[in-house]
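1. Coordinates for the following, if possible.
(one chain, ligands or ions: 1)
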Amino acid sequence: MFSDSENHRSDPLSGSTADSADKHDQLYVTEAEEAVDELERVSGVHPGYRRAHAGGFCCRASFLPSGKAAPFTTAPHLQDREIKAIVRFSGSSTDPALADLLSPAKGMAVQFALPDGGVTNMVGVTVPVFFARTPSSFMDMLTTLNRTKAGKMPKSEALIHFARHFGESRQSLLALKRLKPPVSYATNLYYCIHVYILVDAEGRRRPVKFEWIPDLGVHTLSIHDAAALPDDYLEKELELRMLSQPPSFKLNIVFGEEGDPTDDPTKRWPSDRARINAGRLVLLEPIAEPRGLLMDPTAVPEGIALSDDPILNFRRETYAESMKRRSGGH
Ligand code: HEM
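-> Numbering: from 1, shown residues only. Sure, this is the predicted structure:
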């Protein structure tokens, strides 16, 4: 049974937790199983693959922090020391065999290897906002879609469900509509969407968003030109590109101001917010996906805290559930 975000709220800027962690975790585990069941209904079960962003490929990368984020966070990967990273690019579909052209949003998930042997992840996509504000509205939309496709819900009833969420999904649907096929995985701008909290050495907390800006610029293809390319043209293109000149991305950190929402992934912040260039990520070479790779966006080190965004907090158990199923060969 899906509950709404209020049950999971904490105060992100003071750092106090409104609910016990145990209650939070238990609630989310059951909901995560239901969410992954629903994701599996979209295109069936593809054993061994992620239940979303199923098709993708990995590269070895290196992140060189600029040092500009260090006054705002003690996070070890945002100081001044070079950090090894793994990047996984993906299409957003639940079907690993879907042609690149047919899954409009692309993903870029970066796993940083921390000096203490741990990892932290930044997971981005090519649209700046998500379509659902809470786990329960995500489920309502997904269930409605699946039931309508299976002929179990009349279109009129489905329209009522979608109308209920139209306001919150509007920005995301418009952004998706505007997307054109990319020339390369390395010519997309990727948004990590959620708000995170940077914590400095004195314990001061600042809400931020992370964005990856391609040094090559943003370049797209017409649908006509992309349709003439192989289904997996993006992987082939990046492999070739890395042989000649390693592409790179700048990490931008955008600072929120008083009144900017921290708990709503369907909302953008005003475009004039202050931002810093926190470093550069260079893609070095393609690699086979390492065993057990999990890009959990809630795995944050000291110096970074999660915001009160209910979707962000829900992703931990959902990704773990997908991982459990795919690593068990299901
Ligand atoms: C209710 C919200 C969401 C649910 C239920 C969900 C579900 C999932 C699941 C089950 C996976 C596969 C995880 C794995 O097996 O490792 C996944 C992967 C992914 N998701 Fe989400 N997701 C949600 C929100 C988002 C948002 C807001 C973003 C945008 C930043 C996003 C971007 C991605 C990306 C890029 C991947 C691929 C990660 C990789 O390469 O390992 N998801 N998602």
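
2. which residues in the protein form strands?
-> For the chain, the strands defined by DSSP state E cover 56-65, 83-91, 106-113, 119-125, 190-191, 196-199, 205-214, 248-255, 275-287, 304-306.

3. Off-centre distance for the fourth one?
-> In terms of CA atoms, centre = their mean, to the nearest Å, the centre of strand 119-125 is set 7 Å apart from its chain centre.

4. Briefly note if it comes near the ligand.
-> Yes. Using CB under 6 Å from any ligand atom, strand 119-125 reaches the ligand at 123-125. Where C-beta positions appear, they are placed from N, C-alpha and C, glycine not excepted.

5. count of residues packed around the residue in the chain positioned nearest to the ligand?
-> Relative to the ligand, the nearest point of the chain is Gly107 (2.6 Å; CB to the nearest ligand atom). Counted with other CB atoms under 10 Å, the neighbours of Gly107 add up to 22.

6. That one against Ala54, yeah?
-> No. Applying CB atoms under 8 Å as the test, Gly107 and Ala54 come out as separate, 10.6 Å apart.

7. Tell me the residues of the protein that contact the ligand?
-> Counting by CB under 6 Å from any ligand atom, the chain sits next to the ligand at 35-36, 39, 50-53, 56, 88, 90, 107, 109, 123-125, 130, 135, 138, 192-193, 265, 294-295, 311, 314-315, 318-319, 322-323, 326.

8. residues making contact with stretch 216-230?
-> Applying CB atoms under 8 Å, 6 or more residues apart in numbering, the external contacts of stretch 216-230 come out as 100-101, 180-184, 186-189, 233, 236, 247.

9. For those residues, which two are the farthest from each other?
-> For the contacts of stretch 216-230, the farthest-apart pair by CB to CB is Leu189 and Lys236; their separation is 21.7 Å.

10. check contacts around Ala54.
-> 46, 90-91, 93-96.

11. Show me what counts as buried in stretch 86-105.
-> Buried residues in stretch 86-105, counted by 16 or more other CB atoms under 10 Å: 86-96, 98-101, 103-105.

12. Let me see the mean pLDDT of that stretch.
-> What stretch 86-105 shows for mean pLDDT is 95.

13. quick one: it to chain centroid distance?
-> For stretch 86-105, the distance to the chain centre is 13 Å (CA atoms, centre = their mean).

14. Kindly export it (C-alpha atoms) in CSV.
-> Coordinates of each C-alpha in stretch 86-105 appear next as CSV, following Å, rounded to 0.1, in the frame of the first residue of the first chain:
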residue,chain,number,x,y,z
ILE,A,86,33.0,4.5,-13.4
VAL,A,87,30.3,5.9,-15.6
ARG,A,88,27.3,4.0,-16.9
PHE,A,89,25.4,5.5,-19.8
SER,A,90,21.9,4.2,-20.5
GLY,A,91,18.6,4.5,-22.3
SER,A,92,15.6,5.0,-20.0
SER,A,93,13.6,2.0,-21.2
THR,A,94,12.8,-1.1,-19.2
ASP,A,95,13.6,-3.1,-22.3
PRO,A,96,17.3,-3.6,-22.8
ALA,A,97,16.9,-4.3,-26.5
LEU,A,98,15.0,-1.1,-27.4
ALA,A,99,16.7,1.0,-30.1
ASP,A,100,18.5,4.1,-28.8
LEU,A,101,16.2,6.2,-30.9
LEU,A,102,13.1,4.9,-29.2
SER,A,103,14.1,5.8,-25.6
PRO,A,104,14.2,9.5,-25.6
ALA,A,105,15.7,10.3,-22.2
